[in-house]
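Colleague: Could you look at this predicted model? Sequence included:
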Amino acid sequence: MHFSPDEYIEKPHQNKNIDDNLTSQSSDEQEPLLRLAPMEAPLINPCFAASQKLDLFFTYLDDQEYIQKYQFPHDSKELISNLINTLLKSPPVINGKILSSSDIIRNSAHIYRTLGTQNLTILYKIIENEADLMEETCRSFHEWFNISTQCLNHSYPLRPSLESLYEYASFFLETTGGKAYLARREGNLRLLAQYYSVLIIHQADQRELNKYNIKLTPLLPLLIEEIEESDELADKKSYLASLYDIREQLADRPGYQ
């Protein structure tokens, strides 16, 4: 899948909360709903809620001029879903041991080799143009990934297994190539990638899927310190609460250190 990227289009960022569409009803429109069951909380389908957040993001992308310039055959949802699925089907070399020199070289360019220059250019332009949406978007992807395999009756092109996500979390946290890739990213994006990688490995460890036996204990102090000192992450209190909780859980496990 190849497209011809046009020249980067600079535009000022405005308030672009992709949840606006969820709360755009007027008070007149909402009032009948309140009268139907004033003492009951509305039931929300978690599969629908999680996927709708992603759909709102993709719809927003499709309306942006710099995205429209690419003239995708379909839409950004299909493009990005295909790229993520391509990565998940072609994991980097981990093997949990010392890698050979050829493996290290392959890993250093793994994402580039797997997706290609033009597809990476598109992703980097999205990241650059929508920097103020990255936290919210990463959270939405993580929410969907956490429940997607349980939403059997809910159609969506992204439905990764924990095992496939674990491969990339291990890549970013444990390999020279993965660490080098994150080191070239902006500070907040690097921290988000490390944070969600820790969550994925911890979840895999709890389900006895930590096949590379990755120890999070030595990784947590630096990540916690960097997030504590960051002034770029809007939701850093939530990230820190999760990391503190993981640290406490691991401290209670004999022999895990």
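Modeller: Right, received. Where do you want to start?

Colleague: Now name the helix or strand holding residue 52.
Modeller: Following DSSP states H and E, one finds residue 52 within helix 46-62.

Colleague: which ones are touching residue 204?
Modeller: Neighbouring residues of residue 204 by C-beta atoms under 8 Å, 6 or more residues apart in numbering: 162, 163, 166, 169, 210. For every residue, glycine as well, the C-beta is placed using N, CA and C.

Colleague: before we move on, back to that, which neighbouring elements make contact with the helix or strand following the helix holding residue 52?
Modeller: Under the assignment DSSP H and E, the closest C-terminal helix or strand after helix 46-62 is helix 65-68. Helix 65-68 sits against helix 117-129, with contacts defined as 3 or more C-beta pairs under 8 Å, 6 or more residues apart in numbering; DSSP states H and E.

Colleague: what's the angle from the helix it packs on to helix 46-62?
Modeller: 100 degrees (axes from the mean of the first three to the mean of the last three C-alpha atoms, to 10 degrees).

Colleague: For the helix holding residue 52, report the contacting residues that lie outside it.
Modeller: In contact with helix 46-62 (C-beta under 8 Å, 6+ apart) are residues 16, 18-19, 21-22, 67-68, 75-77, 80, 126, 130, 133, 136-137, 140-141, 143-144, 147-148, 150-151, 153-154, 156, 158.

Colleague: which of the residues you listed count as buried?
Modeller: 18, 67, 76-77, 80, 126, 130, 133, 136-137, 140-141, 143-144, 148, 151, 154, 158 (16 or more other C-beta atoms under 10 Å).

Colleague: How are the helices of the stretch 51-200 of the chain distributed by residue range?
Modeller: 65-68, 76-89, 101-108, 110-115, 117-129, 134-147, 162-174, 176-183, 187-206 (DSSP state H, counting those that start in this stretch).

Colleague: closest to residue 234 out of the ones you listed?
Modeller: Nearest to residue 234, of all those, is helix 134-147, at 5.8 Å by C-beta to C-beta.

Colleague: So for the closest one, mean pLDDT?
Modeller: Averaging pLDDT along helix 134-147 gives 94.

Colleague: which residues sit against that helix?
Modeller: 17-19, 46-47, 50-51, 53-54, 57, 127, 130, 156, 158, 160, 165, 188-189, 192, 196, 199, 233-235.
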